[in-house]
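**Q** Sequence and computational prediction follow.
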Amino acid sequence: MGKIKMPALFRRRSSSKSRSASPPPTPQEEEGTRPASGAGSPARSAEEELRLAFKVFDADGSGDISAAELARVLHGLGEKATVQQCRRMIEGVDKNGDGLISFDEFKVMMASGLAAKMA
């Protein structure tokens, strides 16, 4: 299976933002930034971007990403990954051993670059 750079998957590009010649910042570049208050529509924080990305995977809204949910997203991206392969991927980031990826585990995974190594 080829490598996928997960942070690139989650950059939301609206038509109003796509006019800029430079690419949008990664969640790591945005880390620690907070939207300015009272300035039109505030930019999303890195935490909000990660929550949106997590929701893409967490299709059932359980608060955890299962192997089946991971496989569904990877298949949607054109990757051939079985549920068993996804279970093995999850083992690499599953700190509490429940076989699922929690939001906290997802944040660590994304910040450390493990997402790119998973696929």
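**A** Sure thing, it's come through. Numbers count the residues shown, from 1 in each chain.

**Q** contacts, neighbours, all on C-alpha from now
**A** Fine.

**Q** Which phi and psi values does the residue lying closest to residue 63 once chain neighbours are set aside adopt?
**A** Distances taken as C-alpha to C-alpha, 6 or more residues apart in numbering place residue 102 nearest to residue 63, at 6.5 Å, with adjacent residues excluded. Note on residue 102: backbone dihedrals following degrees, to the nearest 10 are phi -80, psi 170.

**Q** Now do residue 60 against residue 54, distance only.
**A** 11 Å (C-alpha to C-alpha, to the nearest Å).

**Q** Between the two, which is the more surrounded one?
**A** More neighbours surround residue 54 than the other of residue 60 and residue 54, with 21 against 12 (other C-alpha atoms under 10 Å).

**Q** circling back: what's the neighbour count on the residue nearest to residue 63?
**A** The burial count assigned to residue 102 is 21, neighbours taken as other C-alpha under 10 Å.

**Q** Just the pLDDT for the closest residue in space to residue 101 that isn't next to it in sequence.
**A** In space, residue 101 comes closest to residue 65 once its chain neighbours are excluded; the distance is 4.9 Å by C-alpha to C-alpha, 6+ apart. Predicted confidence (pLDDT) for residue 65: 97.

**Q** residues in contact with residue 65?
**A** 54, 57, 58, 100, 101, 102 (C-alpha atoms under 8 Å, 6 or more residues apart in numbering).

**Q** Please report how far it lies from residue 102.
**A** 7 Å.

**Q** And for residue 74?
**A** Distance from residue 74 to residue 102, by C-alpha to C-alpha: 18 Å.

**Q** what does residue 90 give?
**A** Residue 90 is 10 Å from residue 102, where distance means C-alpha to C-alpha.

**Q** again, but for residue 108
**A** Distance, residue 108 to residue 102, by C-alpha to C-alpha: 10 Å.

**Q** Local confidence estimate at the nearest residue to residue 69 once chain neighbours are set aside?
**A** Setting aside the residues directly before and after it, residue 69 is nearest to residue 57 in space (C-alpha to C-alpha, 6+ apart), at 5.8 Å. Residue 57 is assigned 93 on the pLDDT scale.
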